[in-house]
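Enquirer: A predicted structure for the sequence below; I have some questions about it.
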Amino acid sequence: MNILKQNLYIILVFGIPLGLYSQNTIFSKIHDIEPISNHYKDLKQLNTEKRTAHASMDKIVYPTDNYLDFILVYASNKPYYLSSSQVEFITNSVKFPANSSEQTRAELDFLLDLQNKRTEKQIKRVIQLAKIGYWPHKNYTKTDDRYEGNLKDLFFIIREVIKEKHDVKSFPKTAKLLKGVMQDTRLLEFVVKFNLLRARPYHLDSNIKPLHEIPTPSFASGHTLWAYIQAYTLSELVPEKRDEFIALAYEIGLSREIMGVHFPSDEEVARQIAHRMLMLMWHTDKFQKDFEAAKSEWK
């Protein structure tokens, strides 16, 4: 077993934390994850454990009768770049603060403050962002009337940051890479969601009035996950744009809080999952082959 495979084996089997590593480790070819910042950093300092005085809250989970059934199919798909054991490992490595915890209460208060301060301009932007998102099932056949719009969404982050009319036709190898990444992203998103069944913020506090109710569990945020996995992948292709890619991913994550549909911890963990995903994908021949092909389009 070579040193790379040996170290990956140790990580996957013995559960060495994936969030703590530096450019001096075996994963030196990709950028480090940026330190936790903004309100996420402050909220992370609070206690995440159950509080006996509010124990009834810990019985609340996402209501099963609200499921959007076809979404469950994603949780049973096969991964594209990742292995099934890696998907399982990432899923088992994350958890959310207890409903009754000090941190969750502070997060609910944060969301209420955002709700009280949100402007019409903010609402317009977050509704726009809510509609963006590549879905593999819409890419199954060109006769689907959502086909072209879906491919356009695949390049949303590229167009927003680079301000040019890049698309699937002009960057087919980049499109192939992003499609594979998004297949794994949707799989992992719903495996985590339906294994952990976190209630949405408005299930815990009726004062939170979401702009839309969402037919899936809260943890982790799917919008934030796809935004960051694309931002991290694209920043390896176009490293000079990394800060801008990540700033947009942050905005997309925050938009879900402004909408009242996600806890801040849903966003922060999604950011961490995205980087862990890329780190594991990076060391597969399949990903490297597609990445190098995509990179040739950006020279």
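Expert: Yes, it's here. Computed from a predicted structure; not experimentally measured.
Enquirer: Tell me where the protein has strands.
Expert: Using DSSP state E, the chain contains no strands.
Enquirer: List the buried residues in the longest helix that it contains.
Expert: Identified as the longest helix of the chain according to DSSP state H is helix 172-196. Within helix 172-196, the residues scored as buried using 16 or more other C-beta atoms under 10 Å are 173-175, 177-194, 196. Yep, even glycine has a C-beta here, placed from its N, CA and C like the rest.
Enquirer: Stretch 234-249 too?
Expert: 234-238, 241-242, 244-246, 248-249.
Enquirer: before we move on, the earlier item: show me what the longest helix of the chain is packed against.
Expert: Other elements packing on helix 172-196 under the criterion 3 or more C-beta pairs under 8 Å, 6 or more residues apart in numbering; DSSP states H and E are helix 84-92, helix 147-154, helix 222-237, helix 264-282, helix 285-295.
Enquirer: Alpha carbons only: can I get the last one in PDB?
Expert: Coordinates of each C-alpha in helix 285-295 appear next as PDB, following Å, rounded to 0.1, in the frame of the first residue of the first chain:
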ATOM      1  CA  ASP A 285      -7.900   8.800 -10.700                       C
ATOM      2  CA  LYS A 286     -11.300   9.500 -12.100                       C
ATOM      3  CA  PHE A 287     -11.500  13.000 -10.700                       C
ATOM      4  CA  GLN A 288      -7.900  13.800 -11.600                       C
ATOM      5  CA  LYS A 289      -8.500  12.700 -15.200                       C
ATOM      6  CA  ASP A 290     -11.600  14.900 -15.500                       C
ATOM      7  CA  PHE A 291     -10.000  17.800 -13.600                       C
ATOM      8  CA  GLU A 292      -6.900  17.900 -15.900                       C
ATOM      9  CA  ALA A 293      -9.200  17.800 -18.900                       C
ATOM     10  CA  ALA A 294     -11.200  20.700 -17.500                       C
ATOM     11  CA  LYS A 295      -8.100  22.600 -16.600                       C
END
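Enquirer: For it, what does the pLDDT average out to?
Expert: Per-region confidence: helix 285-295 scores 97 on mean pLDDT.
Enquirer: what do you get for the shortest one?
Expert: In this model, helix 147-154 has an average pLDDT of 95.
Enquirer: contacts for it?
Expert: For helix 147-154, contacts defined as C-beta atoms under 8 Å, 6 or more residues apart in numbering pick out 132-135, 138-139, 141, 144, 167-168, 175, 178-179, 182.
Enquirer: what's the angle between it and helix 222-237?
Expert: Interaxial angle, helix 147-154 versus helix 222-237 (axes from the mean of the first three to the mean of the last three C-alpha atoms, to 10 degrees): 70 degrees.
Enquirer: next one: helix 147-154 to chain centre, how far?
Expert: Distance, stretch centre to chain centre, for helix 147-154: 19 Å (C-alpha atoms, centre = their mean, to the nearest Å).
Enquirer: Identify each buried residue in that helix, please.
Expert: Buried, per 16+ other C-beta under 10 Å, within helix 147-154: 150-151, 153-154.
Enquirer: mind listing what the residue sitting nearest the centre point of the chain touches?
Expert: Nearest to the geometric centre of the chain sits residue 225, at 0.9 Å (C-alpha atoms, centre = their mean). Neighbour list for residue 225: 185, 188-189, 270, 273-274 [criterion: C-beta under 8 Å, 6+ apart].
Enquirer: which non-adjacent residue is nearest residue 77?
Expert: Excluding its sequence neighbours, the residue lying closest to residue 77 (C-beta to C-beta, 6 or more residues apart in numbering) is residue 187, at 5.0 Å.
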